[in-house]
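Colleague: sequence first, predicted coordinates after that:
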Amino acid sequence: MQLSGTVYTTDSVPTDQRQTYWRAALSQTFAAVDIAVLDEVCSGTIRTSRLGHLQVATVDGDPLWARRTPQLIARGKDEYLVVMQLVRGVAEVEQDAREAHLHPGEIVFCDMARPMRMDFPHPFQTKSLVLPRRLLGLGESDLQRLTATPISPDTTLGSLLSPLLTQLVDTAATYPLAIGEVVARHVVDLLTVLVAERLHQEVGDTPSATHVLLPRIQEFIDRHLADPDLTPEAIARAHQISVRYLHKIFQTEDVTVARWIQRRRLQECRRELARREAAGRTIAAVARQWGFTSAAHFSRVFRDAYGMSPAEWRASAARAPRMPSLPSGVSRMSEAAAA
């Protein structure tokens, strides 16, 4: 299998140039940092790969002190969030007036847009996910609550995030480009949910995850309306979230997931039945096209929604004067508002 990625290593770098090289390698991978090492004879290796619009990295190094200063932040545009897991050694991370003392297996979020201190007093290894901070849809106050707080693998968040992070970092280089982009989208969705759950546990619910996930889930539903097996369980599984959390997301729409699916199917059936070009198709065929398995059930819910049977709707649409078709998105918005 073809592997892709970048490797930075001090192995072939002259001794008196290693610290400069190591600083540049870390800055290229994460963001510009000032570093100090115990002596000039330092060693380290970074293996980094792209995963869609994300980046993953494994860092092995000697004892290290790194600083992300206001001066360095002002000189660059490094709007990235680093999700770092300590694999070997110990570490201390300071950001937003908090200090996190990390042990192997623990995870910490680091915001490269704000000052930070990170110390590794012994040889260490880390595995990290680097993503644009905007992807999580979090406000500055939420980001400040998230950083420099250790996430133990014994917690619910840690038990999900730890194996995921390890697997991503170790396998990202093996994914074809198209697969990597799909995986990256799912990772961002899952990370958004996990972060929202953590923030919710601290001080109450946050709408950030809903704002990101809800449109994506609704788009997924639209793409799979014709599938009679489209269920809340299938949708939750496809987005790597729990069914309970899926229902919670749809509470903002004041509708259940099943009701939303049915509403969208009815809208598409109603539109199809009104098309003169579809006059030769049976009502049952139209219902099956959009995921209804029972013609009787379809007729019943159609009448409940629109106050007339599918046949009556088709007949009334046939008598109406021909009007220019609205774009699909406009039609859906107006019908969704009226439903």
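Modeller: Arrived safely. Residues are numbered from 1 along each chain as shown.
Colleague: tell me, how many residues neighbour Thr166?
Modeller: By the criterion of other C-beta atoms under 10 Å, Thr166 has 15 neighbours. Every residue, glycine included, has its C-beta placed from N, CA and C.
Colleague: typo on my end, Arg67
Modeller: So Arg67, with other C-beta under 10 Å, has 15 neighbours.
Colleague: beta-bridge partners for it, please?
Modeller: Beta-bridge partners for Arg67, by DSSP bridges, are Asp34, Arg117.
Colleague: just for the chain, where's the confidence low?
Modeller: 1-4, 38-41, 78, 200-212, 240, 320-339 (pLDDT under 70).
Colleague: helix/strand/coil for Met84?
Modeller: strand (DSSP: H, G, I helix; E, B strand; the rest coil).
Colleague: ok, it - contacts?
Modeller: With contact set as C-beta atoms under 8 Å, 6 or more residues apart in numbering, Met84 has these partners: 107-110, 126-128.
Colleague: swap the cut-off to 6 Å and go again
Modeller: Neighbouring residues of Met84 by C-beta atoms under 6 Å, 6 or more residues apart in numbering: 108, 126, 128.
Colleague: ok, those vs Ala296, which is closest?
Modeller: Nearest to Ala296 out of the contacts of Met84 is Ser128 (C-beta to C-beta; 55.8 Å).
Colleague: give the buried residues for the one helix or strand that closest one maps to.
Modeller: Here Ser128 is covered by strand 124-132, with elements defined by DSSP states H and E. Buried positions in strand 124-132, judged by neighbour count with 16 or more other C-beta atoms under 10 Å: 124-131.
Colleague: same check, this time on stretch 81-91
Modeller: For stretch 81-91, burial by neighbour count (16+ other C-beta under 10 Å) applies to 81-87, 89, 91.
Colleague: identify the farthest-apart pair in those.
Modeller: Maximum pairwise distance in the buried residues of stretch 81-91, criterion C-beta to C-beta, is 22.2 Å, between Leu81 and Gly89.
Colleague: with just CA atoms, put the following helix or strand past the strand holding Ser128 into PDB.
Modeller: For strand 124-132, the following helix or strand on the C-terminal side (DSSP H and E) is helix 140-146. In PDB, the C-alpha atoms belonging to helix 140-146 read as follows (Å, rounded to 0.1, in the frame of the first residue of the first chain):
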ATOM      1  CA  GLU A 140     -14.000  32.300  21.800                       C
ATOM      2  CA  SER A 141     -15.400  31.700  25.300                       C
ATOM      3  CA  ASP A 142     -16.100  28.000  24.600                       C
ATOM      4  CA  LEU A 143     -12.500  27.600  23.200                       C
ATOM      5  CA  GLN A 144     -11.100  29.200  26.300                       C
ATOM      6  CA  ARG A 145     -13.000  26.700  28.500                       C
ATOM      7  CA  LEU A 146     -11.700  23.800  26.400                       C
END
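Colleague: hmm, who's touching helix 140-146?
Modeller: 96, 109, 111, 199.
Colleague: can you say which of these are buried?
Modeller: Neighbour counting with 16+ other C-beta under 10 Å marks 109, 111, 199 as buried within those.
Colleague: assign the first one to helix, strand or coil.
Modeller: Spelled out, it's Phe109. Following three-state DSSP, the label given to Phe109 is strand.
Colleague: would you mind measuring from it to Arg23?
Modeller: Taking C-beta to C-beta, to the nearest Å as the measure, Phe109 falls 23 Å from Arg23.
Colleague: could you report the neighbour count for His186?
Modeller: Counted by other C-beta under 10 Å, the residues lying close to His186 total 14.
Colleague: distance of it relative to Leu168?
Modeller: Using C-beta to C-beta, His186 is found at 10 Å from Leu168.
Colleague: go on, Ala295?
Modeller: Distance from Ala295 to Leu168, by C-beta to C-beta: 46 Å.
Colleague: Thr192 sits in which helix or strand?
Modeller: Assigned by DSSP H and E, Thr192 falls in helix 177-203.
Colleague: at which residues are the helices of the stretch 1-150 of the chain located?
Modeller: Ranges of helices within the stretch 1-150 of the chain are 18-29, 70-75, 140-146, based on DSSP state H, counting those that start in this stretch.
Colleague: please consider this matter closed, and thank you.
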